[in-house]
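S.K.: Fold the stuff below for me.
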Amino acid sequence: MSDLFSNQQQTSTTEEYTAQDIEVLEGLEPVRKRPGMYIGGTDENALHHLVNEVFDNSMDEAVAGHATRIELSLSADMMVTVADNGRGIPVDPHPKFPDKSALEVILTTLHSGGKFSSKAYETSGGLHGVGISVVNALSDYLTVEVARNKQLYEQSYSQGKATTKLDNIGPVANRRGTKITFHPDPEIFDVIKFKPARMYNFAKSKAYLYKGVEIRWSCDPSLLDDNDEVPPSDVIKFPNGLQSFLEEELYGQDTISKELLVGEAKLADEQGKVEWAIAWPLAANNFVKTYCNTIPTPLGGTHEAGLRLALSKAIKSYGELTGNKKASNITPDDIFGDACVVLSLFIKEPQFQGQTKDKLVNKGVSKLVENALRDYMDHWLTDNKDDAALLLEHFIAKADERLKAKQKDVSRKSVVQKLRLPGKLTDCTREIANGTEIFLVEGDSAGGSAKQARNRETQAILPLRGKILNVASATADKILANNEISDIELALGCGMGSKYSDKELRYEKVIIMTDADVDGAHIASLLMTFFYRQMPGLIRNGHLYLALPPLYRLQIGKQFFYANDEADRDRIIAEHKKGNMKVETGRFKGLGEMTAPQLKETTMNPQNRTLLKVVIADDEEAETSDLVERLMGKKPEHRLKFIQEESAALHEKGIELDV
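M.R.: Purely as a prediction, here's the structure:
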């Protein structure tokens, strides 16, 4: 550290560094300078994020009760138009900027808008005030039309700056709302190619989430692929909302209860409302999809916690009411492990974890949702006694199996045993372990893609929820009580610790498949620690592997390639790019963003994939044990010392960590 400090001192004295070197970015320049900070990059996902930002503004108008219709269209030249029949963006002069209209302030200023308080919007999905201004900054052409008070106004922009004044076009009848047409800037995006299927499915998901809105879709026919099954025009509306979504997802499948558990309720003190749709299919294709103000929250959050508590308490209460004492053993995981759940919450001031809004973290929401749902759940169970009895029997069977798992081995499931294994597990059909493999997958989203990509005969999928317990620093009681560890042990069937039996292992390969990022590496480390400490025989006998999903997808001309890291990406480009060929680079943020064919081609198909085998060399047993204890044990000072040692070693090689 002292060497590093002295180097910094030397640099400051030998190179001139003055106030002139301080760069101040004004207006929307920061967005154009660092688009990744605002939309996650410049790849296909970022391109479509522009559509989402504009559309969500119109959706907020609909949810607030001011719009009933939204139009979404895509032209052959990649112009996107979003229009609504809401109130229209205000066009009067802004109090703080009297020489500009409120419309121009919103379009050219970060952190401006009507969603920072509840005066204009009681509930909204966009709260940061950056959405439409970011789209404007990253478009080479944007025009906005506003119909307010029977007058039509129009203004055009380019790269975040107004190119015309706000013009009053004149009187207009039978029209109100905002219409925005934009084209992404080719200086920012290497390839500008919107996917009609992606946009159409996005619009459908919004219509499911808010049943009061009608979405009118149109797309130039020349952009459509017959395989996408996307119509050139459509009117999308689902009066039954989430129920329609769940019925479409489960079309043709049998469920444990005949009636879907569907409903909506207002939160206490007029703080919002919650809607839900739940079913328990006999086939193992469970999922949990949660939303807040129509924004997806793939990591769940406090609203999901409230739902889990409400239903588990209602189930236990119904069990007591019917005199079934075993109902007291049921846990939320017994109930939701194999359920298909869609939950949509609307609240005034949502608080999300991180800029990506993956998780809702509002304090108090869990209790609000639980209280709103509890009465409904109780009434549903008493009004649907036949369905309630079937569900209660199913949940008790799962609880019994979980409690008995520590004392008995689990044999491969038969038709009768189908629901005895963990509800999250999608098992393979082969009856013997030889040639089979189980993928331990990070999250339900990735699990869904993996289920579609797998070979049903030989590949099983077990989604894991977040980061499992660190067994190197946990007590034996905590390890035994952990649901994720219990699911792994139950699925593998080989026992833990002294009870481990290689002969009882239900799969030949156990493959850890996590995202190609820091969080994914952490989860993989926790899983390897678990197997090393609790099932070392599984490693010694060569059953444990790590999958290597790609980090990048490249399109060079008409060819597609996948790269594991930056170096691999650069190598592929150098080998295959010729002349002025454009290179479209997409970065996978996680396995859940990969389509099933992509996941199969790159990571799951034995013919194409690369697996890393986890081994312990005979002469490195003591060293491995010491390393696991240092990095994963109870003493953080050991980890700090390791980091310092590795940093010093890199410094000696002239490599500095970017922290």
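S.K.: so what does the helix or strand containing residue 61 touch, helix or strand wise?
M.R.: Assigned by DSSP states H and E, residue 61 falls within helix 44-63. With contacts defined as 3 or more CB pairs under 8 Å, 6 or more residues apart in numbering; DSSP states H and E, helix 44-63 has these neighbours: helix 36-39, strand 69-74, strand 80-84, helix 131-137, strand 177-184, helix 196-209, strand 583-587. Using the backbone N, CA and C atoms, a C-beta is placed for each residue, glycine as well.
S.K.: for the closest residue in space to residue 77 that isn't next to it in sequence, what are its contacts?
M.R.: What sits nearest to residue 77 in space, not counting adjacent residues and going by CB to CB, 6 or more residues apart in numbering, is residue 183, at 7.4 Å. By CB atoms under 8 Å, 6 or more residues apart in numbering, residue 183 lies in contact with 77, 78, 79, 80, 139, 140, 141, 142, 192.
S.K.: can you put the helices and strands packed on helix 44-63 in TSV and add mean pLDDT and distance to residue 643?
M.R.: Shown next, in TSV, are these (pLDDT from 0 to 100; distance: least, CB to CB, whole Å):
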stretch	mean pLDDT	distance to residue 643
helix 36-39	80	27
strand 69-74	97	49
strand 80-84	97	46
helix 131-137	89	36
strand 177-184	96	41
helix 196-209	92	41
strand 583-587	85	27
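S.K.: the bottom helix or strand of the protein by mean pLDDT?
M.R.: helix 2-14 (a mean of 37; mean pLDDT, DSSP states H and E).
S.K.: so who does residue 443 touch?
M.R.: 298, 299, 463, 464, 465, 466, 590, 591, 592.
S.K.: quick one: which of the contacts of residue 183 is most hemmed in?
M.R.: With neighbours defined as other CB atoms under 10 Å, the most crowded of the contacts of residue 183 is residue 142; it has 27 neighbours.
S.K.: quick one: that one and residue 155, what's the gap?
M.R.: For residue 142, the distance to residue 155 (CB to CB, to the nearest Å) stands at 9 Å.
S.K.: Report how many residues lie close to residue 203.
M.R.: Neighbours of residue 203 using other CB under 10 Å come to 22.
S.K.: OK, contacts around the residue nearest to it when sequence neighbours are not counted?
M.R.: Nearest residue to residue 203, sequence neighbours excluded (CB to CB, 6+ apart): residue 215, at 4.9 Å. Applying CB under 8 Å, 6+ apart, we find residue 215 in contact with 69, 70, 71, 72, 203, 204, 206, 207, 235, 236, 237.
S.K.: got the contact list for the residue most central in space within the chain?
M.R.: In the chain, the residue lying closest to the centroid (CA atoms, centre = their mean) is residue 298, at 3.9 Å. Going by CB under 8 Å, 6+ apart, residue 298 touches 290, 358, 443, 444, 445, 592.
S.K.: Surely the first one is within a strand?
M.R.: Yes. Assignment of residue 290 by DSSP: H, G, I helix; E, B strand; the rest coil places it within a strand.
S.K.: What count of nearby residues applies to it?
M.R.: Residue 290 has 22 nearby residues by other CB under 10 Å.
S.K.: could you measure it against residue 527, distance?
M.R.: 25 Å.
S.K.: Same check on the fifth one?
M.R.: Look at residue 445 and residue 527: by CB to CB, they are 18 Å apart.
S.K.: mind listing the helices for the stretch 201-350 of the chain?
M.R.: All helices of the stretch 201-350 of the chain, identified by DSSP state H, counting those that start in this stretch, fall at 242-249, 302-321, 332-336.
S.K.: Residue 85 reaches residue 68, doesn't it?
M.R.: Yes. At 6.3 Å, residue 85 and residue 68 qualify as touching, with contact defined as CB atoms under 8 Å.
S.K.: Which of the two has more residues huddled nearby?
M.R.: Ranked by neighbour count (other CB under 10 Å), residue 85 and residue 68 place residue 85 first, with 22 against 14.
S.K.: State the pLDDT value of the more buried one.
M.R.: If you check residue 85, the pLDDT there is 95.
S.K.: Check residue 417 too.
M.R.: On the pLDDT scale, residue 417 gets 42.
S.K.: And residue 126, by the same measure?
M.R.: Confidence score, pLDDT, at residue 126: 45.
S.K.: and if you look at residue 611?
M.R.: 91.
S.K.: What of residue 116?
M.R.: Reported pLDDT for residue 116: 34.
S.K.: Tell me where the model's unsure across the stretch 51-200 of the chain.
M.R.: Within the stretch 51-200 of the chain, the set of residues satisfying pLDDT under 70 comprises 111-130.
S.K.: Specify the beta-bridge partners of the residue nearest to residue 203.
M.R.: Taking DSSP bridges as the rule, residue 215 bridges to residue 70, residue 236.
S.K.: Relative to residue 72, how far out is it?
M.R.: 6 Å.
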